[in-house]
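>>> With the sequence up front, the predicted model follows.
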Amino acid sequence: MPLRVHDTRRREKVDFSTMEPGRVKMYICGVTVYDLCHLGHARCYLAFDLIHRWLEKSGYDVEYVQNFTDIDDKIINRANETGSDWRELVEDNIATYFRDMDTLNILRADQYPRCTEYVEEMIAITADLIEKGNAYAADDGVYFSVDSAPEKYGLLTGQNIDAVRSGAGGRVDDTGATKRDHKDFALWKAAKPGEPTWDSPWGPGRPGWHIECTAMSMDAFGEQFDIHGGGHDLLFPHHEAEIFQGECHTGCSPVVHHWLHNGFVNIDGEKMSKSLGNFWTIEDILGKVDPLVLRFSLINAHYRSPIDMNEQLIKDAAKNHERLISVYKAALELMGEDPVPLPEGDIASAVPIVKSLGLLEKMAQGFAKAMDDDFNSREACAKVLGALREMSRMLTELDGDDVAAYALHVVEWLEDTAGDVLGVLPSREQVMLEPEEDPRKAEIAEQVESLLARRVVAREAKDWPSADAIRDELNALGVVVTDTPEGPTWDLN
RNA sequence: GCACGGAUGUCAGAGCGGCUAUGAGCGGGAUUGCAGAUCCUGAGACCUGAGUUCAAAUCUCAGUCCGUGCUCCA
C-alpha cells in the first residue's frame, strides 16, 4: 500500500513520490518571532512532526527545513512598543519556540534558517525577476507584477483574476502604495525612518515577506523540492506568491511537488484570534495540561480538519492517554528480561495468546494503513486505543513465561506506534518512576504514605467511615488511591 | 459575490460501494466494604430529494444549511 498525500495544488490525494529515491526534501513555513507561540503553532508543527516521523518510519531520509521570519513589520512594531531591541526580541522568542516545541515532543528540523541571513539571495532573485519582466521597481519598493504570469494565478485557491478583481470592489483602485495593481505584492520594501535596513540596488530597505521562503527553500534544496507545508491561512497570498516567484525565477513548474496545509484550531467553536482575545499560548496551556495530553488531543484529528479545542476535548485526551500509559506501565512491569519466543499470531486460532498476537498484528497493519492514507493520525490513534483493550485483557489473563513474552511484545508494539510515530509515550524511566522519585510527588509522598497507612488500619477494622474520610483527605491533596489485592497504590490526579 | 471545504448516534469524530469503527456520555453485568480503575455487555447515526447499482453513509446531479479564505496571521 503506497503512501498517499493530499496535494493542495492538485486538490486530491496523490501517490507520494520523491525526486530522489528514499530522500524527502521538506520545507515548512516557520513562525514570525514577534510573540509567544500559541495553540495554532502547536497544531501546525505537530502536524508536520507527525508527517516527519511517519516518513522516517517508512524508510525515507527526510531533510526537514523550517525557517524563522526574524524581520517583519510586526517585529519592528513590537520592539518599538516594548522599547527593546528587535534582535533581542527575536532571540527571546526563538528560545521560547524551541522550549515549547521540545516540551511537546516535536522532533527538531535539520535546519532553521533565518531570513536576515539570506538577504543577499533575496536581492538576487528580485533582480532576476525584474530582468525577466516579472517585477518592477516603484518609489517605495519592488513589486511582483501578477499580470506578468496570469496563468499562475489561483493555483492553490482556485480563484481567478477577474473574480478577485470584481470581488475586491473599491480596493482595486486604492492600491495603498505605488504599485501598479492591487494584486501585486512587495518583493522589496524601501526603508522607513528608524527601521533596520539592508543595502540594495533599489536603495536601503528590507525584503518582503514572500520572497524569504523562496530564497531559503531554494538555498536548501535547489530549484525543486518534494514537500512544502504550512498553515491553511498561508495558502493565499503567501504560498501563491511563492509559486509566482519560484516558478518565474527558475522556469520550473512546479517548484514544489506536494503542497500540504494543516487545518486551524478553533476555541469553543470560535476562530482563535488575537482580536477576539481567545488565543491560548502554549505556555498558558502547559500550566494546566500535561504536554503529552495536549499532544494527544491535537493529533487525535486529521491534520487537515479544523479542531475545536475545548475542555471536553482535553478531558477525553487525558483519559485516553492515561489508559495508554497504564497499559504501557503494566507491560513494562510484567515483561521478562529474556523472554521465550512468541508463537506466530493467527486470528483464527483457538489458543488465546496466538489469537491475540494475530489481532495485534492486524491492528498494527491498520495503523500503518491509516498513516499511509494522508497521515490519518486520528484513525491511527483509534487503532492504538483499540489495541489497548486487547492488551490489557491478555495481560491479566496470561501467566508465567507467556505473560512475560507477551508483555515484551506489547511494549515493543506501543513504542513502535504510540511512541516513535505518534510521540505520545513518555520514556520507560519516566513511566517507572516510584512516587518518591517524581519531584512532583516527592514533596507530598511522606504525608500520603502516612495517610495510606492509617487507612489500611481503618479498612482492616472495617471502619468504612474513617477509611473514606481519609480517602477524601487524599483526594483533596490531588491524590487518587487505587486499592489492589497487594494493597493500595496512589498517583497524582 | 467568488473560491475552497464540510453536513455521520447525546457529544467529539473516522470510514467513503456490500460488513461498519474509536473515545466520552448513558443502560446492564463481573470485580470491590463503597467509590474509582479494569474487564464483559446493551441501546443509539449516516442533511433533503432524485439518479446510477444486484448493493449507496460511501458514486452522480440538484437543493438546504454550516465553516473558512479573498487583508498581517500556523
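On my side now, so go ahead.
>>> Look at the residue nearest to A:L334 when sequence neighbours are not counted and report its pLDDT.
In space, and not counting its chain neighbours, A:L334 is closest to A:A407: 3.9 Å by CB to CB, 6 or more residues apart in numbering. Any C-beta I mention is one placed from the backbone N, CA and C, and that applies to glycine too. According to the prediction, A:A407 has pLDDT 93.
>>> next one: the one 10 residues further on
pLDDT recorded at A:T417 is 95.
>>> Scan the helices and strands of chain A for the one with the lowest mean pLDDT.
Within chain A, confidence by mean pLDDT, DSSP states H and E is lowest for helix A:161-168 among all helices and strands, at a mean of 56.
>>> Which elements pack onto the helix or strand just after it?
Scanning forward in sequence from helix A:161-168 by DSSP states H and E, the next helix or strand is strand A:185-190. Counting contacts by 3 or more CB pairs under 8 Å, 6 or more residues apart in numbering; DSSP states H and E, strand A:185-190 packs against helix A:119-131, strand A:141-144, strand A:205-207, helix A:209-221.
>>> which one of the ones you listed lies closest to RNA strand B?
Closest to RNA strand B of these is helix A:209-221 (CB to the nearest atom of the strand; 5.0 Å).
>>> quick one: what helix or strand has A:Q447 in it?
Using DSSP H and E, the element containing A:Q447 is helix A:439-460.
>>> give me every residue that touches the closest residue to A:T281 other than its chain neighbours.
Of all residues not flanking A:T281 in the chain, A:L36 sits nearest, at 4.5 Å (CB to CB, 6+ apart). Contacts for A:L36 (CB atoms under 8 Å, 6 or more residues apart in numbering) come out as A:N93, A:T96, A:D100, A:T281, A:I282, A:E283.
>>> you'd agree A:L36 is in a helix?
No: counting by DSSP: H, G, I helix; E, B strand; the rest coil, A:L36 is not part of a helix but coil.
>>> Distance check, it against A:L89.
11 Å (CB to CB, to the nearest Å).
>>> Same question for A:Y112.
Following CB to CB, the distance that separates A:Y112 from A:L89 is 17 Å.
>>> Show me how the record splits chain A into domains.
As given by automatic domain parsing, the domain ranges for chain A are A:17-132+A:208-286, A:310-431, A:435-492.
>>> Point out the most buried one among those.
Scoring the domains of chain A by mean neighbour count under mean count of other CB atoms under 10 Å gives domain A:17-132+A:208-286 as the most buried, with a mean of 19.
>>> Let me see the mean pLDDT of that domain.
Domain A:17-132+A:208-286 carries an average pLDDT of 92.
>>> Can you add distance to A:F236 and give the helices and strands packed on strand A:185-190 back as CSV?
Below are those laid out as CSV (distance: least, CB to CB, whole Å):
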stretch, distance to A:F236
helix A:119-131, 20
strand A:141-144, 14
strand A:205-207, 20
helix A:209-221, 11
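>>> Quick one: closest of these to A:Q365.
The closest of the helices and strands packed on strand A:185-190 to A:Q365 is helix A:209-221. By CB to CB, the value is 33.4 Å.
>>> Thanks a lot, catch you later.
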